[in-house]
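K.L.:
Could you look at this predicted model? Sequence included:
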Amino acid sequence: MIKASRFAILGSVAALALLAAGCGGGGGSSSSSTSSTSGGGGKKGGTLNTVANAAPSGSPDPQINYTLQEWQLLIMTHDGLVAFKRVGGPDGFKLVPDLATSIPAPTDGGKTYKFTLRKGIKFSDGSTLDPQDVLSTFERLFKIKQSPNAGTWYAGIVGADACLKKPETCDLSKGVVIDKAANTVTFHLSKADPEFLDQLAVPFAFILPSSTPDKEVQIPPAGTGPYKWATYNPNSQIKLVRNPNFKVWSADAQPAGNPDVIVQKFGLSTEAEVTAVENGQADWMFDPPPSDRLTEMSTKYTSQVHINPLTAVWYYAMNVRIPPFNNLKARQAVNYAVDHDALVKIYGGPKLATPTCQILPPNFPGYEPYCPYTKNPGSGKWTAPDMAKAQQLMNESGQKGQSVDVITDTIEQDKAHGEYFVGLLNKLGFKAKLKALSPDLQYPYVQNSKNKPQFSWSSWYQDYPAASDFINILLGCGSYHPNSNASPNISEYCVKSTQDKIDQALNTQVTSQTKANQQWAQIDKILVNQAVWVPMFNPKYLDFVSKRVTGYQFSPQWYFLLDQASVAG
Amino acid sequence: MAEFAYEPEPELSLGPGERAEAVAGQSPWRLAARRLWRNRVAMAGLVLFLLIVLVSFLAPVYANHIAHTDALQPNVNGTTVVNGKTVEVIQQGGGPLGLGENPIGPTWQTNYFIGADQNGRDVAARVLYGGRSSLLIGIGSALIACLIATIIGLIAGFFRGLTDSALSRLMDLIWAFPVYLLAITLSTVLLTTNGLQWGPIHLDASSLWIPTIIIGVIYVPYVMRPVRGQVLSVREKEFVDAAIAQGASNWRLVFSEILPNIITAVIVLLPLMIATTILTEAALSYLSIGVQPPNASWGTIIQDGQALLYTRPWVAIAPGIMIVLTVLSLNLLGDGVRDALDPRAKVRLRK
């Protein structure tokens, strides 16, 4: 449940503090022009030079930072008990054992997970991994106080309640039971959590040496991955070098990297980043390229461009509690009227986004194509707007003449989308006007019911592959907090019958993912029929690499797998 | 030893090339107008400025009858005719990957003369509409600043003492804030609180009055200072003492004796203030806290054009040129007005 405008921030800090379920990393999907081979191949050596506009926002501490930018690096330096398989393509969503020897089946009604640690794994500081490190890692998660999802994803661990109240004296010994002799770690949860394993596979739960101080660090501490952090200067660069203590124990979870050194330099504009990659001065740019360079890249640098769909959605949330969108027909009218092709064009064209009518993105658990708000419905895909139907619903709704504030942020593309919607709503008979707020302000503003947001732009990028990561977080009752800036249910939709179905799907997920997926699909359809949003499109991600980069792989979970690319001649 | 000293106001000021017999008996205002008229550079500035005002206020005529377009409504999926061929306003990028969606470039025809923006709108029409907003805000806020500053300057300079101290410190307080920081703060607050509510008066957050008032208020100290200085100086003149001796009320002293003698300072400042406020408006709109879209101002259009600089530079260049021409014309006019109203510097270096 990443709320991110430009992929840079996976979690929108405060907003996520109150979320009821888990979050995770970036989200992507298959690659259009890449191989999906198992990790570890490719020529070794050389330096992979990457560039970014700025350093990852927020603290560099791996248990605090919540950005794709840093997570893409942390997965190469640290490990969790489990991991998302480090390959391109759909398999990148699969969980595999990492520091644990296997993925345990939950017992005790989904409340207990017992892991056996691999033996002989060493941190980059030379210390050897043991169960105490696992316990201290999870206690540190609470002790440092600033971990954004400690109070949500990991609050179900027995003892976490007390840790949240008194972080300094956090004791999870009853929730994370270690047996040094048997080399095991057993997690006890206060209630079953079908997404607990996913939450163990993201950087918040990456295992740190027990010697790590219980306070925020300014460079990620020692880890178990093939690289270690040599430099972290937010004004100039990050540098990763090989971890001399690393030996491959699972190529699926943590393959050996190819480059000897990975550098990320900061300070270039996105225009300059494109030029640097074109000239071979950089091998990859972190930021999405500016739209006015796309045609040039498309014509002159075809082989260096990689486009991959993301499991993400851009949408406008309609507030179902206040006029005019407390009226179902008014909401449906907007959905029938919207021209998704126009929205996609503003975003960059059909190569960079796919129209959608749904909450769940394609290639995601629970996704079944469904789109009633189109001309000639039935295929599940949007084809064209149906203005006649929209006008008819508007007439029936009695909401013509109502004022609507279209709230977006000041980023050029988002503002352009907002202007499109102002025009559309006025055409339908509303009196719409645009309110473009700064990006830092817009998301907290639209979450707060006190501000009475009527029609608000937002986007969501998955943390890990779970339908609840979209549905429960964005439209569940637990995510609606009146008068709070941390209330990601912007539509303020909370209907008991729908929430019962969400809870039921969550329960089913503990025992059967397949059955749960069917239930999520039904919930997705209910929400689409209720027209709580105007879903816009599912975006795609464009990677631009230098000529010398080979072996490009795109993971749906972690995006471009930097260490699996080769730059050695 | 050199020292600065104020000289008494000359009975009659002669401009360059003026003969005493030619100006004898004419009022100071007529003389000023005559001098301004003879200042070719200033008149060129005035003509240019009036031309810009004229074309900007004819924006609807251009949009409706020449370009046949709606400058405010997005036209992303629209088409237009160029050289007899129907083309899409937003065109898909070329190359094997077909990446990017590019607005149509300059057609140099009546429709999309200098191309379209990201929403498929005619940039030429938007530049003219933007001119209306920029000029209205620029002139409006300069007038507000001058009006408030004149009142405060008169009160502070005339009453002096505690009143002067209080008002001057208030101005210092406003002056202490960096102009743009103060404007950004005020704009953001008003945007998020749904505009300005003052008794029965409600100004919507998207109203042009919001940036007009904000910019006007932040520039009050810049005009108030010289006005106050003038008032302090004029208050000591003999004719004011004479009026006091005749039993004139404070009201009469301020508005009949002092104001007419300091108003030239305000008039000299006005064109320069308009130029400054137009620049400030452009900067605020560029930062998305001035004019709210889909309304246009030169600043918002420059911001729209920033994302298209590489492929469609005219979107940003055109409003930039308009700002440069407007500010240049106002500065030329301002210099001319100053020369016309104040041909001799009042501060002389005496040996």
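P.N.:
Happy to help now that I have it.
K.L.:
what number of residues lie near residue B:216?
P.N.:
23 (other CB atoms under 10 Å in any protein chain shown). (Glycine included, C-beta is placed from N, CA and C.)
K.L.:
Please report how far it lies from residue B:186.
P.N.:
Going from residue B:216 to residue B:186 by CB to CB, to the nearest Å gives 11 Å.
K.L.:
What score does residue 217 have for pLDDT?
P.N.:
If you meant another chain, say so; for now it's chain A. Residue A:217 carries a pLDDT value of 95.
K.L.:
sorry, should have said chain B
P.N.:
93.
K.L.:
Now it: which helix or strand?
P.N.:
Taking DSSP states H and E as the criterion, residue B:217 maps to helix B:209-218.
K.L.:
hey, where'd the strands end up in the stretch 251-351 of chain B?
P.N.:
B:347-350 (DSSP state E, counting those that start in this stretch).
K.L.:
now the strands for the stretch 101-250 of chain B?
P.N.:
Ranges of strands in the stretch 101-250 of chain B, per DSSP E, counting those that start in this stretch, are B:101-103, B:196-198, B:201-203.
K.L.:
Report the buried residues of the first one.
P.N.:
Counting neighbours by 16 or more other CB atoms under 10 Å in any protein chain shown, one finds that the buried residues in strand B:101-103 are B:101-103.
K.L.:
what's the answer for stretch A:542-556, then?
P.N.:
A:542-546, A:548-549, A:551-556.
K.L.:
near chain A, which residues of the stretch 51-200 of chain B show up?
P.N.:
B:72-74, B:76-77, B:90, B:92-102, B:118-119, B:188, B:191-192, B:194 (CB under 8 Å from any CB of the partner chain).
K.L.:
hmm, 6 Å instead?
P.N.:
The stretch 51-200 of chain B comes close to chain A at residues B:73-74, B:76-77, B:90, B:92-101, B:118-119, as judged by CB under 6 Å from any CB of the partner chain.
K.L.:
what bits of the chain have low per-residue confidence?
P.N.:
Answering for chain A, as no chain was given. Low-confidence segments of chain A (pLDDT under 70): A:1-41, A:569.
K.L.:
switch to chain B, that's the one I care about
P.N.:
Ranges of chain B meeting pLDDT under 70: B:1-25, B:342-351.
K.L.:
Give the other helices and strands that the host helix or strand of residue A:416 contacts.
P.N.:
If you go by DSSP H and E, residue A:416 is part of helix A:412-428. The contact analysis (3 or more CB pairs under 6 Å, 6 or more residues apart in numbering or on different chains; DSSP states H and E) places helix A:412-428 against helix A:328-337, strand A:403-409, strand A:431-437.
K.L.:
Just checking the last one against chain B, any contact.
P.N.:
It refers to strand A:431-437. Yes - Strand A:431-437 reaches chain B (CB under 6 Å from any CB) through A:433-434, A:436.
K.L.:
and which of the buried residues of strand B:101-103 is nearest residue A:112?
P.N.:
residue B:101 (52.8 Å; CB to CB).
K.L.:
measure the closest residue to that closest one other than its chain neighbours to residue A:343 for me?
P.N.:
Nearest residue to residue B:101, sequence neighbours excluded (CB to CB, 6 or more residues apart in numbering or on different chains): residue A:349, at 4.4 Å. According to CB to CB, residue A:349 and residue A:343 sit 11 Å apart.
K.L.:
before we move on, what about residue A:381?
P.N.:
On the measure of CB to CB, residue A:381 and residue A:343 end up 15 Å apart.
K.L.:
Neighbour count for the two, which is higher?
P.N.:
Legend: neighbour count by other CB under 10 Å for residue A:381 and residue A:343, higher for residue A:343 (23 against 16).
K.L.:
want to throw the helices and strands packed on helix A:412-428 into JSON lines with distance to residue A:287 and mean neighbour count?
P.N.:
Output for the helices and strands packed on helix A:412-428, formatted as JSON lines (distance: least, CB to CB, whole Å; neighbours: other CB atoms under 10 Å in any protein chain shown):
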{"stretch": "helix A:328-337", "distance to residue A:287": "32", "mean neighbour count": "23"}
{"stretch": "strand A:403-409", "distance to residue A:287": "17", "mean neighbour count": "22"}
{"stretch": "strand A:431-437", "distance to residue A:287": "21", "mean neighbour count": "21"}
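K.L.:
Tell me the residues of the stretch 251-400 of chain A that contact chain B?
P.N.:
So the stretch 251-400 of chain A meets chain B at A:291-295, A:298-299, A:302, A:305, A:342, A:345, A:349, A:351 (CB under 6 Å from any CB).
K.L.:
at 8 Å instead, please
P.N.:
Contact residues, the stretch 251-400 of chain A versus chain B (CB under 8 Å from any CB): A:271, A:290-300, A:302, A:305, A:307, A:339, A:341-342, A:345-346, A:348-349, A:351-352.
K.L.:
Report the angle between the strand or helix carrying residue A:316 and helix A:328-337.
P.N.:
Element membership for residue A:316, per DSSP H and E: strand A:312-318. Relative orientation of strand A:312-318 versus helix A:328-337 (axes from the mean of the first three to the mean of the last three CA atoms, to 10 degrees): 140 degrees.
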